[in-house]
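Colleague: build me a model:
(chains A and B)
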Amino acid sequence: MIDLTSLSAQLVELAVKAGAHSADALSIADSSDSIRVRHGKTESVEHEDSRGIGLRAFVEKQGANGTTLAFASASSSDVSENGLNRLVEQVMAMAEISEADPDAVPPLGAEHPDAQQLADWQKRHACTEPAWQIDAARDAAMACETAALESSPLISNSEGAESGFGRVRVAYASSDGFAASYEKTSAALSVSVIAGKDNGMQRDYAWDRQLTGIALRRPEDIGREAAQRTVRRLGACGIASGTMPVIFDPRVATSLIGHLTSAANGRAVLQQRSFLGESAGKVIFPDFITITDNPDHPQGLGNRLFDGEGTRCRQLQLIDQGRLTGFLTDRYAAGRLKTVPGGHARRGLTGDIGIGCSNLILQAGNMTQEDMLRDIGNGLLICELIGFGVNGVTGDYSRGASGFLVENGKITRPVQEITIAGNLKDMFSAIRHVGSDLTWLGSMAVPSIAIDGLTVAGQD
Amino acid sequence: MTETVANERLRAMNSSPPPSSASSSNISIPDSTLSDMLHAMTPAGADDADLYVQYSESESLALEEGRVKHVSSSTHQGIGARVIKGEASGHAYTDSLEPSALMDTARAARAIAADSASRAPVAVHAGKSGHALYQATNPAAAAPMAERKALLERLDGFARRLDPRVKQVFANVSSSFSDIRIVRMDGAELHDVRPLVRLNISVVVEQDGKRETGSAGGGGRFGLERMLTGDEPERLAREAVRMALLNLDAIGAPAGPMPVVLGPGWPGILLHEAIGHGLEGDFNRKGTSAFAGRIGQQVAARGVTVVDDGTIAERRGSLNIDDEGTPTGRTVLIEDGILTGYLQDRQNARLMGMQPTGNGRRESYADPVLPRMTNTFMLAGSDSPDDILASLDHGIYAVNFGGGQVDITSGKFVFTTSEAYLVENGKIIAPVKGATLIGDGPSVLKRVSMIGNDLELDPGVGTCGKDGQSVPVGVGLPTLRIDELIIGGSEA
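Modeller: Below is the predicted model:
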């Protein structure tokens, strides 16, 4: 097995030797396996091994205002000596083309985790997961699909169940001498089934993803949830247009939090592409909304000790009792927004640095989803959203939806072929309640969210 | 399962390329190693097996705040091994080209097969070649980075001079090529080199504290130098600025069912979502598509003919061969309103007793093959676009869209306007804000009442997502009247 940390450090060293002012490098090695079963038989088996390296190099440029820095980045899957040299050559040639930016922040002097923090992290997040066991994975997928197919006579078909496991190692090095790595695993189990026939077919699914296989929900429970979700959609039809309260099931409530973090992205704010650009420090939600970015959670698939620039990640109260405390930042955005780097640099092997959260947790309320239905009286429960009708600049929102009609506090029938529309700023402040049903979905934990006054378009 | 196509727009290319001359590959794996891999991975009872060897390079320059600050490239290579038996398939992928890693990969792909006997070894030999729809070269070869940078700077200045309300300009030029070798179970080797270029510009405008955005782009499978010259870049910049300014004045869109006129070109995303995905072979073999078992039935108004054509020179969705080595073709999906065909890869075609249609695609060597669209469009009718718009008493005229998505099983699909107008008595009243339109795939085309004589293909910017895999696609449409769709506006 290649030592990714020294590979990253070696790349940085080569770049500096080639004349770079400074550089940082990322190496990623990924190994993943999955098995899919359908109607009780193995449908496909997949195995992947990959590794890649990414280098970002800064060069000095002389201009009218003195020396400024420009940078370029490149990635490759060729980790041979030749491959590394070629990568450095490419990056240096591109950095010459690249325009200097007076605000550029070179990979020097970030607030890295210290040796003690690194050692502590490795100990607490040791990957003890055993290697991929295809037989156990197949059994889990089979049990999951069987439970779904057998849980109701209305289930008519299956898209199959899939069991997967992945292990990724990430190593980062920068020219200030920092070099460190971490390893993460994730296990997943999912199933999707179909109920009904011909024109009336409906599909739904259930899934779980955790750091380890042992932490996954029982296959039978996932299967039964998929069947229940599917069957209750049978007979769905439209409703007449109107304005009404809408409850977002946790599964779709995550997308609202996603729109929030896109708008709180410090780089988007600098680019004037965010509807929250002027909202730092302001109240944008009711006071019962608190949202935390927690990079070190026992269940967190988004756990990380340091970000894509080696900055140590810390817990952040992004929304504190309704108030947007600040923007999400990497070192560049923090510099220009005159704030402390938040450790939110998200980085792939190539391209510019992006911004993203670790684990986002929306503090639960104390009403069950049933309580919330009773509370809104008449409206909608939305369980699926499709389409891309979100304008990040204005916050205008319009998406396709399906779910359930709520009448007199109870679900009366399934609904489809409708849209819901509004403006995210208004929607955020019109949140009426959040539920007690906090649900982990990947790296987000979100309860049901009820919002007043959305425009629903449809046809009875 | 929901399928998507992401945003984008315009430009028709019409010159034909010189014949392909590619034969040398960027990856050197000896034929004997490929032959050994095939032997190790293919059980005697396999229905199909192949190796997919890929080398790809891409480059991107991006301008922001007046500076080309982001220059990046990537170089990736790898090999995918696949074995198919009945409905089952085994896949293994690696980006290590070490012989031992390659043999491990071959053996891992075999995991689905219980039988221990292997097929006899085969020698790797040249297979039948496909079309020659584009030049088999790196499309950036004749466009030095310095010229690309100069183009972006030129566009930035141009867009800002168009209107003082332009506050931000983002421009991006990217190019890539993918060199693939497919070695089939019988040893036949097929080769394709696929260039792809793209230019995109988006702007943010501001007026009285209100901001809006607009964007435009174009591209295809041709040399990048063609994007650097001529007026096309400026046309895209004008388009982006025009859209952004238009949206500043947009009123809220209505909510509810009403007639819609779609403009030509990219609004063909309607076909991609409403029809195309539902006709992919995998969903139909498994009976999970709302279109399953409907061949021969009327699914659209008379006069509606929809095709998927991967053979149009230099288009973003075109391929000389698909990712299984099958030459691409022109598949009629709906003919005069009647459902006539599915889009097939080899496995689904075999299982359904049909012929592969050249639609087996994968995002890269590290993904399984799926039946996918290429360029999907509706043939022109005979109505004049002006007459179609004039026929609209009260409705929406939508000429540009962002992305769309479909639920294959229920058939419900959406696509979201990025330029649309409220129309009364055949006259445009005002631009409306982006709104999602929702409809039912198997029935929406039955409500087509007028088909324009102005078929246009999109500008070469579409990307389709399925099972987490993205592939470039094209769409096209003549001006079209649909008597009823649900408009997801905010004005109930």
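
Colleague: any weak-confidence spans in chain B?
Modeller: B:1-25, B:114 (pLDDT under 70).

Colleague: tell me which element the nearest residue to A:Gln271 once chain neighbours are set aside is part of?
Modeller: Spatially, and ignoring its direct neighbours in sequence, A:Gln271 is nearest to B:Gln168 (5.8 Å; C-beta to C-beta, 6 or more residues apart in numbering or on different chains). Glycine gets a C-beta too; all of them are placed from N, C-alpha and C. Using DSSP states H and E, B:Gln168 sits within strand B:166-184.

Colleague: report all helices and strands that the following helix or strand past that strand contacts.
Modeller: Moving toward the C-terminus from strand B:166-184, the next helix or strand (DSSP H and E) is strand B:188-207. Judged by 3 or more C-beta pairs under 8 Å, 6 or more residues apart in numbering or on different chains; DSSP states H and E, strand B:188-207 is in contact with strand B:125-126, helix B:145-162, strand B:166-184, strand B:210-220, helix B:232-248.

Colleague: among those, which comes closest to B:Ser100?
Modeller: Closest approach to B:Ser100 among these (C-beta to C-beta): strand B:166-184, 19.3 Å.

Colleague: direction included, what does that closest one pair up with?
Modeller: strand B:48-64 (antiparallel), strand B:188-207 (antiparallel) (DSSP bridges).

Colleague: give me the angle between it and helix B:145-162.
Modeller: 140 degrees (axes from the mean of the first three to the mean of the last three C-alpha atoms, to 10 degrees).

Colleague: figure out how far strand B:166-184 is from the centre of its chain.
Modeller: 13 Å (C-alpha atoms, centre = their mean, to the nearest Å).

Colleague: for that strand, list every residue counted as buried.
Modeller: B:166, B:168-184 (16 or more other C-beta atoms under 10 Å in any protein chain shown).

Colleague: residue furthest from the geometric center of chain A?
Modeller: Residue farthest from the centre of chain A, counting by C-alpha atoms, centre = their mean, is A:Ala64 at 42.4 Å.

Colleague: any chance of the strands paired with strand B:166-184 in TSV, plus distance to A:Gly343?
Modeller: Output for the strands paired with strand B:166-184, formatted as TSV (distance: least, C-beta to C-beta, whole Å):
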stretch	distance to A:Gly343
strand B:48-64	23
strand B:188-207	27
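
Colleague: distance to A:Leu380 and mean neighbour count added to those, as JSON lines?
Modeller: As requested, those are exported to JSON lines (distance: least, C-beta to C-beta, whole Å; neighbours: other C-beta atoms under 10 Å in any protein chain shown):
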{"stretch": "strand B:48-64", "distance to A:Leu380": "40", "mean neighbour count": "22"}
{"stretch": "strand B:188-207", "distance to A:Leu380": "33", "mean neighbour count": "22"}
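
Colleague: count of neighbours near residue 314?
Modeller: Picked chain A for this. 14 (other C-beta atoms under 10 Å in any protein chain shown).

Colleague: hm, I was asking about chain B
Modeller: For B:Glu314, using other C-beta under 10 Å, the count is 21.

Colleague: do the same with the one 5 residues further on
Modeller: Other residues lying near B:Leu319 total 27 when counted by other C-beta under 10 Å.

Colleague: contact residues of the stretch 251-400 of chain A facing chain B?
Modeller: A:271-273, A:349-352, A:384, A:386-389, A:391, A:393-394, A:396, A:398-400 (C-beta under 8 Å from any C-beta of the partner chain).

Colleague: quickly list what the residue nearest to A:Leu380 when sequence neighbours are not counted is bridged to.
Modeller: Excluding the flanking residues, the one nearest A:Leu380 by C-beta to C-beta, 6+ apart is A:Val246, at 4.8 Å. According to DSSP bridges, the residues that bridge with A:Val246 are A:Leu380, A:Ile451.

Colleague: the bottom helix or strand of chain A by mean pLDDT?
Modeller: Lowest mean confidence among the helices and strands of chain A (mean pLDDT, DSSP states H and E): helix A:115-124, at a mean of 92.

Colleague: would you mind measuring from the residue of chain B found nearest chain A to B:Leu389?
Modeller: The nearest approach of chain B to chain A comes at B:Gly488, 2.6 Å away (C-beta to the nearest C-beta). B:Gly488 sits 22 Å away from B:Leu389, going by C-beta to C-beta, to the nearest Å.

Colleague: looking at those two, which is more packed in?
Modeller: Under the criterion of other C-beta under 10 Å, the comparison of B:Gly488 against B:Leu389 puts B:Gly488 first, with 33 against 21.

Colleague: which one is that one nearest to, not counting chain neighbours?
Modeller: Once flanking residues are discounted, B:Gly488 sits nearest to A:Thr419: 2.6 Å by C-beta to C-beta, 6+ apart.

Colleague: can you check the pLDDT for the one you found?
Modeller: Looking at A:Thr419, its pLDDT stands at 98.

Colleague: OK, contacts around it?
Modeller: A:389, A:398-401, A:456-458, B:255, B:414, B:435-436, B:438, B:486-488 (C-beta atoms under 8 Å, 6 or more residues apart in numbering or on different chains).

Colleague: what is the neighbour count of A:Asp307?
Modeller: Count around A:Asp307 with other C-beta under 10 Å applied: 26.

Colleague: was I right to think it contacts A:Ile355?
Modeller: No: in this structure, A:Asp307 is not within contact of A:Ile355 by C-beta atoms under 8 Å, at 9.3 Å.

Colleague: okay, and the common contacts of those two?
Modeller: Shared contacts of A:Asp307 and A:Ile355, counting by C-beta under 8 Å, 6+ apart, come down to A:Asp330, A:His344, A:Ala345, A:Arg346.

Colleague: pairing-wise in the sheet, spell out the partners of B:Tyr397.
Modeller: Residues in a beta bridge with B:Tyr397, per DSSP bridges, are B:Val261, B:Tyr421.

Colleague: pull the contacting residues for it.
Modeller: B:Val260, B:Val261, B:Gly263, B:Leu389, B:Ala420, B:Tyr421, B:Val423, B:Ile428.

Colleague: hang on, A:Gly335 in a strand?
Modeller: No: counting by DSSP: H, G, I helix; E, B strand; the rest coil, one finds A:Gly335 to be helix, located in no strand.

Colleague: thought it was touching A:Asp103?
Modeller: Yes: counting by C-beta under 8 Å, A:Gly335 touches A:Asp103, with 5.9 Å between them.

Colleague: need the mean per-residue confidence for stretch A:181-200.
Modeller: 94.

Colleague: now do the buried residues in it.
Modeller: In stretch A:181-200, counting by 16+ other C-beta under 10 Å, buried: A:181-196.

Colleague: among those residues, which one sits closest to chain B?
Modeller: A:Ile194 (5.8 Å).
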